[in-house]
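Novice: Got a predicted model here, sequence first, then my questions.
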Amino acid sequence: MIKYLYIGVDDTDSPDGMCTTFLASQIINKLKSHGIDLIDYPRLIRLNPFARFKTRGNGGVSFKILNDDKVDLAKRIVLDEVEKLSMFDCDNTNPGVVFYDGEITSEMEDYAFRAIYEFISIDEAYDFAKSLGCEVHKFKKGRGIIGSLASIALPLSDCTYELLAYRSSDNYGTKRCIDYESVYRMDKETFPDTFENIDYSEDYIAIEPKTPCPVLYGIRSNTPDVLFKAKEMVKVSEPIVDWCIFKTNQHTDMHIQKVSKISDMKQYGCYCVRGEVKNTPKIIDGGHMFFYIQDDSGEIECGAYEPTKNFRKTVSYLRPGDVIEVYGGIGEHNTFNIEKFKVIELNDVVFENPICECGKRMTSAGKNKGFKCKKCGNRLGVDDKVPVKIERDLEVLRFYETPVSARRHLSKPICRF
């Protein structure tokens, strides 16, 4: 029976540099130079986007190799590279490495989903890993063991791929030298097999990071094969020192839990929930837009924040009485951060004063006194306003999403539906 060693690494970067995927690529190169090949693509697994202690994208990496006579060498290579490249100067960087040589169990899969849906403590992750027989290595606080184990165990019933190209360390922190026109051409020829390359509404090149990390660009796709063509099409005028394709749960909505009522949701969780729009969306200082949805169990404030740009205009079309399904997560202020929404029902009726026989809109004659016409003096003894159907700028059963420039790693874009 063939046996494998699973290797998980996480929490090695910081907001000021490094990237756990780059560290993984360096490990993979070292392994290959010693005749140790990976089984399948390395995995990049995004965890709870509302995690309190994440460095940037909250992603752990993992890969598996044959469990043979080179396994001890492989472990030394992994630990040496983590020791050498991790951003230990950052207080929030606490790497963790997990080695596991057993079968992936249902308990491990449940743990991995919990790492996406909620919070897991370092102690809980450590105790669970040791109960499985894992070899665990903690650097500093070792928070990275949480994501390391999750990245090993998570099942990928849906997945995407990402090709990451890395720049020379001499260029870290400088403007990336990417030919934007080539990115537009690549997108035109490879979409929808690749996606999230460009935000056309903002003229924003989404494959280009905005942080001082080793990544030069990242191209996302539904299949790995198209990434080779895409890479050849993107032109850059600086060295690419390495590149790697990762299998990932990005853009799968794997973080979304469907709940039947608003009261079932908890802070820092990610959900799909249906509710009725309670009030007209309002924009506040800073450009953020807020409104409430409600159901029989309660209500929650929903937010479309300034970085979502024109998405806020779409949200502004909502009116009280509309029924929508919102997708997103609950942040530290207990506001539901909207990633996308689906229109279920539209309130397309307004109630207006009746029109007089002379064609003039009538006015109120006083409380419980009906309506009167100022033009001809005609009166109606009823107080009921008349329903009038109106045109709406939204469509029933249609999805509306935030722009590419503001989209979370895990949010599934409409082009993948």
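Specialist: Perfect, thanks for sending it. All values derive from a computational prediction rather than experimental measurement.
Novice: can you map out the strands along the stretch 101-250 of the chain?
Specialist: For the stretch 101-250 of the chain, strands defined by DSSP state E, counting those that start in this stretch occupy the ranges 135-138, 160-167, 194-195, 198-199, 204-205, 215-221, 240-248.
Novice: for those, which one sits closest to Tyr180?
Specialist: Of all those, strand 204-205 sits nearest to Tyr180, with 5.6 Å by Cβ to Cβ. Where you see a C-beta, it was placed from the backbone N, CA and C, and this is true even at glycine.
Novice: helices and strands around the closest one, which ones?
Specialist: Helices and strands touching strand 204-205, as assessed by 3 or more Cβ pairs under 8 Å, 6 or more residues apart in numbering; DSSP states H and E, are absent.
Novice: can you give me how far it is from the chain middle?
Specialist: Centre-to-centre, strand 204-205 and its host chain are 18 Å apart (Cα atoms, centre = their mean, to the nearest Å).
Novice: Paired strands for it, with orientation please.
Specialist: Next to strand 204-205 in the sheet, as set by DSSP bridges, lie strand 198-199 (antiparallel).
Novice: Can you list the low-confidence ranges for the stretch 201-350 of the chain?
Specialist: Within the stretch 201-350 of the chain, not a single segment meets pLDDT under 70.
Novice: Quick one: the helices in this protein, in order.
Specialist: 20-33, 71-85, 106-117, 122-131, 144-153, 180-190, 225-233, 311-316 (DSSP state H).
Novice: re the thing from before, do you know which of the strands of the stretch 101-250 of the chain lies nearest His255?
Specialist: Closest approach to His255 among the strands of the stretch 101-250 of the chain is made by strand 240-248 (12.9 Å; Cβ to Cβ).
Novice: now the closest one against helix 225-233, angle please.
Specialist: 160 degrees (axes from the mean of the first three to the mean of the last three Cα atoms, to 10 degrees).
Novice: Check what contacts strand 240-248 and list those residues.
Specialist: Here strand 240-248 makes contact (Cβ atoms under 8 Å, 6 or more residues apart in numbering) with 21-22, 24-26, 28-29, 40-46, 59, 61, 156, 159-168, 216, 224, 227, 231.
Novice: Same question for stretch 22-41.
Specialist: With contact meaning Cβ under 8 Å, 6+ apart, stretch 22-41 is reached by 4, 9, 12-13, 42, 61, 63-66, 70, 73-74, 77-78, 81-82, 85-86, 161, 164, 166, 213-215, 224, 242-247.
Novice: circling back: how about CSV for the strands of the stretch 101-250 of the chain, with distance to Ala365 and mean neighbour count added?
Specialist: As requested, those are exported to CSV (distance: least, Cβ to Cβ, whole Å; neighbours: other Cβ atoms under 10 Å):
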stretch, distance to Ala365, mean neighbour count
strand 135-138, 78, 18
strand 160-167, 64, 22
strand 194-195, 60, 23
strand 198-199, 54, 19
strand 204-205, 56, 16
strand 215-221, 63, 23
strand 240-248, 66, 19
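Novice: which stretch among those strands comes nearest Met289?
Specialist: strand 198-199 (18.9 Å).
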